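>>> just the structure for this:
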Amino acid sequence: GGPASLAGPLSSVSLAESLPTLTSNDKERMSALKRVLGKYIPGGLKGRVRVTNRDASRWNEGMLYDRILADVPCSSERHIVMEAARKRRPVDPRQWSPARCKRYASIQYGILASAIRAADTGALIAYSTCSIASVENEKLVKKLLKKMDRDLEVVDDCGFLSREELIEMGADYRDPGWLLLPDKSGCGPIYWVTVRKVGNSNSTGRAGAGSHHKRGSAPRRSKGGYRSRRR
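Numbering: from 1, shown residues only. As a prediction, this is how the structure comes out:
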């Protein structure tokens, strides 16, 4: 997440006719997203890619997905510090403050809650930021887990690596999730956690304007589905 993108994008993949289709959504950088997808998606699959520019926190396609990535906008401290260093000046306090982190957390909560509402029972939802602020990372996820304790569970989010390998790479375990730190790994920061939707009470609640959700007809089921929120 970068400070410029305040209304997260959203991408989704749904399985149709045994091949996936990708819907990739970015509210503020749609042209750049199209260029990236055009560069890396093989020509034979481009017909299965759809790009949209909707507000991710108000996502309401009427479909359920079984894979969701919410890569949300965040306070992005490293970008701010590096930009200040490049210009040889102090960090502008208007660019980073605890209050600013809380504003991002409200936006992030809305996007993640929207993703969970769009997830099918049994779906996996990955949430990620490039912030070190706990209010945007594990504290936000804990808040949602507490609200949806019957509907969500944290899954093993080490991927192909063991916990020991992640720690050796420079990642710190957060409860829940992992944070890759630049002073230890040379890259990042990157926070990530994966949860599984095990119920469907839709009790995500509202968090400011960011968690608005329109109710409509019952969603239709889509085998597969990947919704990815890019910064």
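
>>> show me the longest strand that occurs in this protein.
strand 119-129 (DSSP state E).

>>> for the chain, what spans make up the strands?
Under DSSP E, the chain gives strands at 11-16, 19-25, 49-52, 63-71, 119-129, 152-154, 171-173, 178-180, 190-197, 220-221, 226-229.

>>> for these, which one sits closest to residue 80?
Nearest to residue 80 among the strands of the chain is strand 119-129 (14.0 Å), distances taken as CB to CB. In this view, the C-beta of every residue, glycine as well, is placed from N, C-alpha and C.

>>> give me the angle between the closest one and strand 190-197.
Angle of strand 119-129 versus strand 190-197, following axes from the mean of the first three to the mean of the last three CA atoms, to 10 degrees, is 170 degrees.

>>> relative to strand 63-71, how tilted is strand 119-129?
Going by the same axes, to 10 degrees, strand 119-129 makes 10 degrees with strand 63-71.

>>> which elements pack onto strand 119-129?
Judged by 3 or more CB pairs under 8 Å, 6 or more residues apart in numbering; DSSP states H and E, strand 119-129 is in contact with strand 63-71, helix 98-117, strand 190-197.

>>> what mean pLDDT does that strand get?
Strand 119-129 carries an average pLDDT of 93.

>>> CA-only coordinates of it, as PDB, when you get a sec.
Extracted C-alpha coordinates of strand 119-129, given in PDB (Å, rounded to 0.1, in the frame of the first residue of the first chain):
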ATOM      1  CA  ALA A 119     -15.600 -15.100   0.300                       C
ATOM      2  CA  ASP A 120     -17.300 -18.400   0.100                       C
ATOM      3  CA  THR A 121     -17.300 -20.700   3.100                       C
ATOM      4  CA  GLY A 122     -13.900 -22.500   3.100                       C
ATOM      5  CA  ALA A 123     -12.200 -19.600   1.200                       C
ATOM      6  CA  LEU A 124      -8.700 -18.400   1.900                       C
ATOM      7  CA  ILE A 125      -8.200 -14.700   2.400                       C
ATOM      8  CA  ALA A 126      -4.600 -13.200   2.400                       C
ATOM      9  CA  TYR A 127      -4.200  -9.700   3.900                       C
ATOM     10  CA  SER A 128      -1.000  -7.700   3.400                       C
ATOM     11  CA  THR A 129       0.500  -4.300   3.900                       C
END
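
>>> going forward, begin numbering at 652 instead of 1
Got it, the first residue is 652 from now on, which makes the last one we talked about strand 770-780.

>>> now that strand: buried residues?
Buried residues in strand 770-780, counted by 16 or more other CB atoms under 10 Å: 770, 771, 774, 775, 776, 777, 778, 779, 780.

>>> what does stretch 784-804 rub up against?
Contact with stretch 784-804 is made by 725-726, 728, 749, 752-753, 755-756, 759-760, 763-764, 767, 778, 780, 782, 805, 825-828, 830, 842, 844, 846-856, as judged by CB atoms under 8 Å, 6 or more residues apart in numbering.

>>> now do the buried residues in that stretch.
Quick answer for stretch 784-804 (16+ other CB under 10 Å): 784-789, 791-796, 798-799, 802-803.

>>> any idea of the pLDDT on the residue nearest the centre of the chain?
Nearest residue to the geometric centre of the chain (CA atoms, centre = their mean): residue 721, 1.9 Å. The per-residue pLDDT reported for residue 721 equals 92.
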